[in-house]
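In: would you be able to build a 3D model of this:
(chains A and B)
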2 protein chains.
Amino acid sequence: MAVYTEVSDEALSDFLALYDIGEVISFKGIAEGVENSNFLVRTTRSQFILTLYEKRVKATDLPFFIGLMEHLSERGVTCPQPVRNRAGEALGELAGRPAAIVTFLDGLWIRRPNVAHCGEVGQALARMHIAGADFHLRRVNSLSLEGWPPLFHTAESRADEVTPHLRQECAAELAFLEERWPKGLPSGVIHADLFNDNVFFLGQKLSGLIDFYFACNDALAYDLAICLGAWCFEPDNAFNVSKGRAMISGYERVRRLEDAEIEALPVLARGAALRFMLTRLVDWLNVPPGAKVAPKNPLEYRDKLRFHQLVKTAADYGLTR
Amino acid sequence: MAVYTEVSDEALSDFLALYDIGEVISFKGIAEGVENSNFLVRTTRSQFILTLYEKRVKATDLPFFIGLMEHLSERGVTCPQPVRNRAGEALGELAGRPAAIVTFLDGLWIRRPNVAHCGEVGQALARMHIAGADFHLRRVNSLSLEGWPPLFHTAESRADEVTPHLRQECAAELAFLEERWPKGLPSGVIHADLFNDNVFFLGQKLSGLIDFYFACNDALAYDLAICLGAWCFEPDNAFNVSKGRAMISGYERVRRLEDAEIEALPVLARGAALRFMLTRLVDWLNVPPGAKVAPKNPLEYRDKLRFHQLVKTAADYGLTR
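Out: Numbers count the residues shown, from 1 in each chain, chains lettered A, B, ... in the order given. Take a look at the predicted model:
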């Protein structure tokens, strides 16, 4: 999250006066996350998160994100619930940015997930997929197959500054994926960014999901592939098949994968690895002056991609049937 | 605050297990402040701030800071209260840093203080001075007269990169202050950094003081001079005498200034302005790679210094007797 936008006293109190949430007794910027400015707001009644949506989030996408959180939490997925103001609006404006207040979610994100955490995440992901099935809004995944070549072209001339031959490696993988990217898989709303800092736990139990600002419509199994990449590798970028097994079986306890999804999983995992390698590469090469968040290393996903390239079947991820 | 140090899951839970504060249900980095890493910790019982002391705070000074907060809060000054662990220790170690847990203080810091806020601050400052009178530990002010030449020498060769003649202006002011710096004024524990982000309000009422990590023993009126500089100028760096009057009379409602303090106020204010100009100048010229906090502009205090240089007597600050 971090804080990119300062909020003046008057603007804050004018904005909060639109809501029926009690008197504000504390207001603190939160240091986590990357995309938006987030503040913890305590009132005489409860705690909330106030988010100012910064440039990277398109204002036209906000009704999708806000609506999705409402939709999911109505269906029992624990996630931040948008708070509507007295006029019934869940989306307002503050300090020149679109802004929303959501409920505060208890829980801690896990810095070093274990096998049990991965199982919980698999289950929660499948529950989210099922709960999202009847959501009425749609959002194209701008960071899927069609989105990767423009990202690559932004970075390709300087990719080899990061490490030799990175440009060639990306280009070859792009060509492979353009040829082999699966079509017609079961689709629906996916989270698309369910990294460990977006999942809260209380003890070993998953307590909620946050940060739906990459959510979109895409193949459900692609979301699982993203999670395998995000949760099931060790710090040295070696895949931990026990974690993969726990995640996949957790997922299947709630939603059984179809044969086509199982078959596609290695290619989906390669795509997911390329997606995060490319966005990180672009960020790595374009750290803005005064950046408040250190860019993440794209080579982590280069290493993960190389693992996926050697995978033969989903059994290598721990699938047991 | 900002977050400079990552805390692992195990290290956090091991550390918190030493305390009798309930089960942790939320743990979030806070984006405010400059010197240390701060986290908001919610437990099943209450809320706390966990601080990891980063390099700029000397470990040997921590017993002074921690002891002072305990001392002041026992005497009715609302400030964070250090929480002792089961072994009776208020200071521990986490992620290789000295660490402490303090109580959470309700309130918001005011981005644009008004005259009433300045009056409240003056009163609270005087109350803190009186409450600190019998504190048994001492800490030298390393950022007073003897501390300024080393700061200046660190920055002087590049000072004119910031603005022409800045080096000469600093050198001349240093020479003036070395000649005229007052001695023998009433002394005691001062906050020494009571800027607006270190004072919390609930509505128009001051609700608490935080961030005692520059506190030290020095002339009490010097603390008032720092506050005049921090609170009573407008965004265009023009002094607002109504704010100054409110602050000084607020202070005197609790502790009457002696004649020597009144006479010294303009020189003390010049010293305070030079102190913040110099530390900001050093930071401005030495932004570390990956800095998470934008450096503050030293020229704000150059302008304030120029105002103080024209002041004849404390009446120019709003003193009404």
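In: where does the stretch 1-150 of chain A dip in pLDDT?
Out: Of all residues in the stretch 1-150 of chain A, those with pLDDT under 70 make up the ranges A:1-3, A:33-34.
In: doesn't residue A:200 fall inside a strand?
Out: Yes: assessed with DSSP: H, G, I helix; E, B strand; the rest coil, residue A:200 lies in a strand.
In: surely it is in contact with residue A:108?
Out: Yes: the pair residue A:200 and residue A:108 qualifies as a contact (CB atoms under 8 Å) at a distance of 6.3 Å. In this view, the C-beta of every residue, glycine as well, is placed from N, C-alpha and C.
In: in contact with the one residue in the stretch 51-200 of chain A that gets nearest to chain B, which residues?
Out: The nearest approach of the stretch 51-200 of chain A to chain B comes at residue A:106, 4.3 Å away (CB to the nearest CB). The neighbours of residue A:106, taking CB atoms under 8 Å, 6 or more residues apart in numbering or on different chains as the test, are A:200, A:202, A:207-208, B:25-26, B:42.
In: residues near the residue nearest to it when sequence neighbours are not counted, how many?
Out: In space, and not counting its chain neighbours, residue A:106 is closest to residue B:25: 4.3 Å by CB to CB, 6 or more residues apart in numbering or on different chains. By other CB atoms under 10 Å in any protein chain shown, 19 other residues sit near residue B:25.
In: check which helix or strand residue B:25 maps to.
Out: Under the criterion DSSP states H and E, the helix or strand holding residue B:25 is strand B:24-29.
In: can I get that strand in PDB, CA atoms only?
Out: Output of strand B:24-29 as PDB, limited to C-alpha atoms (Å, rounded to 0.1, in the frame of the first residue of the first chain):
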ATOM      1  CA  VAL B  24      -2.300 -10.900  17.900                       C
ATOM      2  CA  ILE B  25      -5.100 -10.400  15.400                       C
ATOM      3  CA  SER B  26      -3.500  -7.800  13.100                       C
ATOM      4  CA  PHE B  27      -0.100  -6.500  12.300                       C
ATOM      5  CA  LYS B  28       0.500  -3.600   9.900                       C
ATOM      6  CA  GLY B  29       3.400  -1.400   9.100                       C
END
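In: kindly provide the distance from residue A:220 to chain B.
Out: Distance of residue A:220 to chain B, given as CB to the nearest CB, to the nearest Å: 29 Å.
In: surely that residue touches residue A:190?
Out: Yes: the pair residue A:220 / residue A:190 is scored as a contact, 6.3 Å apart, by CB under 8 Å.
In: the stretch 151-300 of chain A: helices as residue ranges?
Out: Along the stretch 151-300 of chain A, counting by DSSP state H, counting those that start in this stretch, helices occupy A:166-180, A:220-231, A:241-254, A:259-285, A:299-310.
In: okay if I get these as CSV plus mean neighbour count, mean pLDDT and distance to residue A:122?
Out: Output for the helices of the stretch 151-300 of chain A, formatted as CSV (neighbours: other CB atoms under 10 Å in any protein chain shown; pLDDT from 0 to 100; distance: least, CB to CB, whole Å):
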stretch, mean neighbour count, mean pLDDT, distance to residue A:122
helix A:166-180, 16, 97, 24
helix A:220-231, 26, 98, 7
helix A:241-254, 21, 98, 3
helix A:259-285, 22, 97, 13
helix A:299-310, 19, 97, 18
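In: same list, these, but as JSON lines with distance to residue B:57 please.
Out: Supplementary listing: the helices of the stretch 151-300 of chain A in JSON lines, determined by distance: least, CB to CB, whole Å:
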{"stretch": "helix A:166-180", "distance to residue B:57": "41"}
{"stretch": "helix A:220-231", "distance to residue B:57": "35"}
{"stretch": "helix A:241-254", "distance to residue B:57": "39"}
{"stretch": "helix A:259-285", "distance to residue B:57": "32"}
{"stretch": "helix A:299-310", "distance to residue B:57": "33"}
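In: related to what we said a few turns ago, what lies in contact with the strand holding residue B:25?
Out: With CB under 8 Å, 6+ apart as the test, strand B:24-29 has contacts from A:30-32, A:40, A:104, A:106-108, A:202, B:2-3, B:12-13, B:16, B:37-44.
In: got it, and stretch A:46-59?
Out: So stretch A:46-59 is in contact with A:1, A:4-5, A:7, A:21-22, A:30, A:35-42, A:62, A:65, A:80, A:83, A:94-95, A:97-104, A:213, going by CB under 8 Å, 6+ apart.
In: what about those residues, which are in helices?
Out: Per DSSP state H, helices hold the following members of the contacts of stretch A:46-59: A:62, A:65.
In: near chain B, from the contacts of stretch A:46-59?
Out: Restricting these to those within reach of chain B (CB under 8 Å from any CB of the partner chain) leaves A:1, A:7, A:30, A:40, A:42, A:104.
In: which of the residues you listed sit farthest apart?
Out: The most widely separated members of those, counting by CB to CB, are A:7 and A:104 (17.9 Å).
In: which one of those two has more residues nearby?
Out: Using other CB under 10 Å as the criterion, residue A:7 and residue A:104 rank with residue A:7 on top: 21 against 17.
In: so what's the more buried one up against?
Out: If a contact means CB under 8 Å, 6+ apart, then residue A:7 has A:39, A:52, A:94-95, B:111 as its contacts.
In: may I see the ChimeraX selection of the buried members of those?
Out: Restricted to buried positions by 16 or more other CB atoms under 10 Å in any protein chain shown, the ChimeraX selection for the contacts of residue A:7 reads:
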select /A:39,52,94
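In: can you tell me which of the contacts of residue A:7 is closest to residue A:261?
Out: Closest approach between these and residue A:261, by CB to CB: residue A:52, at 37.5 Å.
In: quick revisit: switch the ones next to chain B among the contacts of stretch A:46-59 over to CSV; also include distance to residue A:122.
Out: Below are those laid out as CSV (distance: CB to CB, whole Å):
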residue, distance to residue A:122
A:1, 26
A:7, 38
A:30, 28
A:40, 30
A:42, 34
A:104, 26
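In: show me the residues you listed that map onto strands.
Out: Among these, the members found in strands (DSSP state E) are A:40, A:42.
In: so for stretch A:45-60, what gets flagged as buried?
Out: Neighbour counts over stretch A:45-60 (16+ other CB under 10 Å) mark A:47-54, A:57 as buried.
In: now do the contacts for residue A:177.
Out: Applying CB under 8 Å, 6+ apart, we find residue A:177 in contact with A:145, A:148, A:267, A:270-271, A:274.
In: hmm, try it at 10 Å
Out: When contacts are counted by CB atoms under 10 Å, 6 or more residues apart in numbering or on different chains, residue A:177 touches A:144-145, A:148, A:267-268, A:270-271, A:274-275.
In: so what's the residue nearest in space to the middle of chain A closest to, chain neighbours aside?
Out: Residue closest to the average C-alpha location in chain A (CA atoms, centre = their mean): residue A:193, at 1.7 Å. Closest residue to residue A:193 apart from its sequence neighbours, by CB to CB, 6+ apart: residue A:214 at 3.9 Å.
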